[in-house]
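Chemist: Let me see the structure of the following:
(one chain, ligands or ions: 1)
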Amino acid sequence: MTYALVVVANRLPVDVTVEEDGSTSWSRSPGGLVSALEPVMQAADGAWVGWAGKPDVDVEPFDGDGMRLVPVALSEDEVRDYYEGFSNDTLWPLCHDVISPPEFHRRWWDAYRKVNRRFAEAAAAQAAEGGTVWVQDYQLQLVPAMLREIRPDLRIGYFHHIPFPPLEIFAQLPWRRQVVEGLLGADLIGFQRAGDAANFVRVVRRLTDLTTKGQVVHCPGAEGAPGREVRAAAFPISIDSARFDALARRDDVRARAREIRRDLGDPRVLLLGVDRLDYTKGIRHRIKAYGELLEEGRLDVPDAALVQVASPSRENVEAYQQLREEVELLVGRINGEHGQIGSAAIYYLHHSYPPEEMAALYLAADVMLVTSLRDGMNLVAKEFVATCTDERGVLVLSEFTGAADELGGAIMVNPHDIDGMKDAIERAVHMDAPEQRRRMRKLRRRVLHDDVARWSERFLSFLMDDPPHALAGRGD
Ligand code: G6P
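Modeler: Residues are numbered from 1 along each chain as shown. Below you'll find the predicted structure:
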């Protein structure tokens with residue numbers, strides 16, 4: 001059996017648990033992408049090709065949540081070289097303003113190519129004749145061209161969830177041309193912001209001989225075959241807004257929010273940071289600004305408290321280990337100086353939590369701090385807004401996030417400007433209720449309207465625009 005719509009992503013939308021006897025069980029992982037795509041996948045007979053998140057899990061495809069799940073196995077060496085290495089220690093820092101220096105290793109590149117080919121072959125085996133394949137994110141940038149080579153009948157889309165860097169930075173990559181050619185195998189290349197799409201088109205113009213017109217790249221066909229047009233455009237991703245809105249209205253979630261505040265000693269002002277523990281998120285900058293506000297007496301413990309959720313991420317990559325050390329040192333220092341018995345200055349939580357607990361935290365907070373140094377979108381900012389059903393709460397948002405393009409009601413900050421950030425936090429802390437309401441209404445209108453279902457519909461309808469083959473209907 002083959003499938004009319006195939007999603008290819010580094011991760012499957014389920015988590016695997018490997019038992020001692022080697023057997024496997026699966027549980028659904030609550031990602032935003034899967035909730036966006038689930039209805040489309042169910043309607044279109046979808047398959048999802050991805051890695052199970054652990055090395056050497058080699059199991060047959062199976063059905064789950066109304067779609068076909070197709071695991072791609074990675075060996076331990078491949079996890080190290082393709083995932084931790086090339087994806088997260090070369091491409092990730094390269095695409096995020098080289099905040100951490102990217103490492104260039106030929107062995108990592110070889111693994112990246114090899115694993116991308118495996119994903120392309122797995123997708124080719126699942127897709128129906130004339131079907132649609134939607135490739136997700138920077139881990140799989142070679143898949144579009146590899147897939148087109150095997151299956152020229154397919155309509156191929158690619159979405160880049162992270163920033164696409166300016167030419168001057170992208171050009172550092174020794175394999176820059178191969179990556180661009182990999183992406184150009186797609187019919188439609190989606191980015192978070194118009195600026196990312198513009199960066200990509202400029203890279204194409206400078207690094208290839210292809211002609212471009214606006215955001216369309218013309219790729220001539222081989223030996224007289226007709227050429228193809230590849231479009232680049234912005235499709236800002238969002239969240240399942242209605243889900244967070246509904247969570248925030250639930251009695252148990254609201255009770256939990258009150259309990260959180262009580263357990264923190266009922267501070268007058270609760271500040272909140274929620275991030276993967278990643279050097280792109282500006283966690284140190286934010287904590288430094290907060291520490292200085294305490295130092296200067298502009299905020300006081302126990303009047304104020306900061307809860308910082310830093311969920312564990314990519315823990316085998318050295319830059320992440322180093323960041324953890326630095327953050328924990330800083331938190332310890334500030335708590336040592338400003339904490340009191342029964343009231344810490346910072347409640348630092350190196351965990352991840354289910355959506356119910358996240359919604360309770362968002363509801364409990366007065367000021368949400370999103371201070372990324374560079375961020376493709378930042379969905380935490382949107383989750384916070386969707387949860388603020390009583391139109392109370394202030395969002396402090398870095399201008400270096402994709403979300404800043406859409407969330408005009410936030411207080412914008414440059415996280416590199418510590419004094420500016422301190423002023424912004426102080427302003428947020430003292431903002432009166434009418435101004436909070438006015439800003440939050442504006443934010444909520446945007447986030448509730450432009451949700452993730454709209455995002456996927458927009459991308460897929462762009463991709464299917466004048467489609468050579470229809471999406472609906474099953475293959476053989
Ligand atoms: C970012 C990337 C995703 C990635 C996620 C978590 O949002 O755009 O592709 O899945 O981080 O990172 P991880 O390495 O754990 O998959």
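
Chemist: Let me see the contact set for the most centrally placed residue in the chain.
Modeler: By CA atoms, centre = their mean, the mean C-alpha position of the chain lies nearest to His161, the distance being 5.8 Å. Residues near His161 by CB atoms under 8 Å, 6 or more residues apart in numbering: Gln136, Asp137, Tyr138, Gln192, Ile237, Gly376, Met377. Any C-beta I mention is one placed from the backbone N, CA and C, and that applies to glycine too.

Chemist: neighbours around the residue of the stretch 351-476 of the chain found nearest the ligand, how many?
Modeler: The stretch 351-476 of the chain approaches the ligand most closely through Gly376 (6.3 Å), counting by CB to the nearest ligand atom. Applying other CB atoms under 10 Å, we find 25 residues neighbouring Gly376.

Chemist: Could you pull up the contacting residues of the spatially closest residue to Val447 that is not a sequence neighbour?
Modeler: Spatial nearest neighbour of Val447, excluding adjacent residues (CB to CB, 6 or more residues apart in numbering): Val385 at 4.5 Å. Contacts for Val385 (CB under 8 Å, 6+ apart) come out as Leu395, Leu407, Met440, Leu443, Arg444, Arg446, Val447.

Chemist: if I look at Val385, how far off is Ala248?
Modeler: In this view, Val385 and Ala248 are 11 Å apart by CB to CB, to the nearest Å.

Chemist: which strand residues sit across from the residue lying closest to Glu399 once chain neighbours are set aside in the sheet?
Modeler: Once flanking residues are discounted, Glu399 sits nearest to Met412: 4.9 Å by CB to CB, 6+ apart. Using DSSP bridges, the beta-bridge partners of Met412 come out as Leu397.

Chemist: tally of neighbours for Met412?
Modeler: As a burial measure, Met412 scores 16 neighbours (other CB under 10 Å).

Chemist: residues touching it, list them.
Modeler: With contact taken as CB under 8 Å, 6+ apart, Met412 is in contact with Leu397, Ser398, Glu399, Ala404, Ala424.

Chemist: these two touch, right, Asp63 and Val70?
Modeler: No. Contact criterion CB atoms under 8 Å: Asp63 and Val70 do not qualify, at 10.5 Å.

Chemist: and the stretch 201-350 of the chain, which residues reach the ligand?
Modeler: Counting by CB under 6 Å from any ligand atom, the residues of the stretch 201-350 of the chain close to the ligand are Ser313, Arg314.

Chemist: And the helices in the stretch 201-350 of the chain?
Modeler: 241-249, 251-263, 283-295, 318-338 (DSSP state H, counting those that start in this stretch).

Chemist: which residues sit in contact with the residue of the stretch 351-476 of the chain closest to the ligand?
Modeler: Contact analysis of Gly376 by CB under 8 Å, 6+ apart lists His160, His161, Ile162, Pro163, Gln192, Asp196, Ile237, Gly402.

Chemist: Leaving out the residues flanking it, which one is nearest to it?
Modeler: That would be Ile162: by CB to CB, 6+ apart, it lies 4.1 Å from Gly376.

Chemist: Is the one you found located within a strand, as I assumed?
Modeler: No. Read with DSSP: H, G, I helix; E, B strand; the rest coil, Ile162 is coil and lies in no strand.

Chemist: Verify the stated contact: it with Trp92.
Modeler: Yes. Ile162 is within contact range of Trp92, at 7.2 Å (criterion: CB under 8 Å).

Chemist: Residue in this structure with the shortest distance to the ligand?
Modeler: The ligand sits closest to His161 of the chain, with a gap of 3.7 Å, by CB to the nearest ligand atom.

Chemist: Now that residue. Its backbone dihedrals?
Modeler: phi -80, psi -10 (degrees, to the nearest 10).

Chemist: And it, how close does it get to Gln139?
Modeler: Going from His161 to Gln139 by CB to CB gives 10 Å.

Chemist: before we move on, what about Thr17?
Modeler: In terms of CB to CB, Thr17 sits 22 Å off from Gln139.

Chemist: who's more crowded, these two?
Modeler: Of the pair Thr17 and Gln139, Gln139 is the one with more neighbours under other CB under 10 Å, namely 26 against 11.

Chemist: Could you check the pLDDT of the nearest residue to the more buried one once chain neighbours are set aside?
Modeler: Spatial nearest neighbour of Gln139, excluding adjacent residues (CB to CB, 6+ apart): Asn10 at 4.0 Å. The score at Asn10 is 96. That number is its pLDDT.

Chemist: quick one: strands adjacent to the strand or helix carrying Asn10?
Modeler: If you go by DSSP states H and E, Asn10 is part of strand 3-11. When pairing is defined by DSSP bridges, strand 3-11 lines up against strand 46-51 (parallel), strand 127-136 (parallel).

Chemist: Just send those back as CSV, with mean pLDDT, distance to Ser343 and mean neighbour count too.
Modeler: Shown next, in CSV, are these (pLDDT from 0 to 100; distance: least, CB to CB, whole Å; neighbours: other CB atoms under 10 Å):
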stretch, mean pLDDT, distance to Ser343, mean neighbour count
strand 46-51, 96, 43, 27
strand 127-136, 97, 43, 24
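
Chemist: The ligand contacts on the stretch 51-200 of the chain?
Modeler: Asn88, Asp137, His161, Ile162.

Chemist: Would you reformat those residues as TSV and include distance to Arg151 and pLDDT?
Modeler: Shown next, in TSV, are these (distance: CB to CB, whole Å; pLDDT from 0 to 100):
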residue	distance to Arg151	pLDDT
Asn88	29	98
Asp137	20	97
His161	24	97
Ile162	26	97
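
Chemist: For these, which two are the farthest from each other?
Modeler: Within those, Asn88 and His161 form the most distant pair, 13.4 Å apart (CB to CB).

Chemist: Tell me where the stretch 151-300 of the chain has strands.
Modeler: 155-159, 188-191, 211-213, 216-219, 228-234, 269-276 (DSSP state E, counting those that start in this stretch).

Chemist: Among the ones you listed, single out whichever gets nearest to Leu361.
Modeler: strand 269-276 (6.2 Å).

Chemist: Let me see the mean pLDDT of the closest one.
Modeler: pLDDT averaged over strand 269-276 gives 98.

Chemist: Packing partners of that strand?
Modeler: Here strand 269-276 touches helix 283-295, strand 304-311, helix 355-364, strand 367-370, helix 379-387, helix 418-429, going by 3 or more CB pairs under 8 Å, 6 or more residues apart in numbering; DSSP states H and E.

Chemist: For stretch 309-318, list the C-alpha coordinates in CSV.
Modeler: The C-alpha trace of stretch 309-318 is given here as CSV (Å, rounded to 0.1, in the frame of the first residue of the first chain):
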residue,chain,number,x,y,z
VAL,A,309,11.9,25.9,32.9
ALA,A,310,14.8,24.7,30.9
SER,A,311,13.9,21.4,29.3
PRO,A,312,16.8,19.0,28.6
SER,A,313,18.0,19.0,25.0
ARG,A,314,20.8,17.5,22.9
GLU,A,315,22.7,16.6,26.0
ASN,A,316,25.6,14.9,24.2
VAL,A,317,26.6,18.0,22.3
GLU,A,318,29.3,19.9,24.1
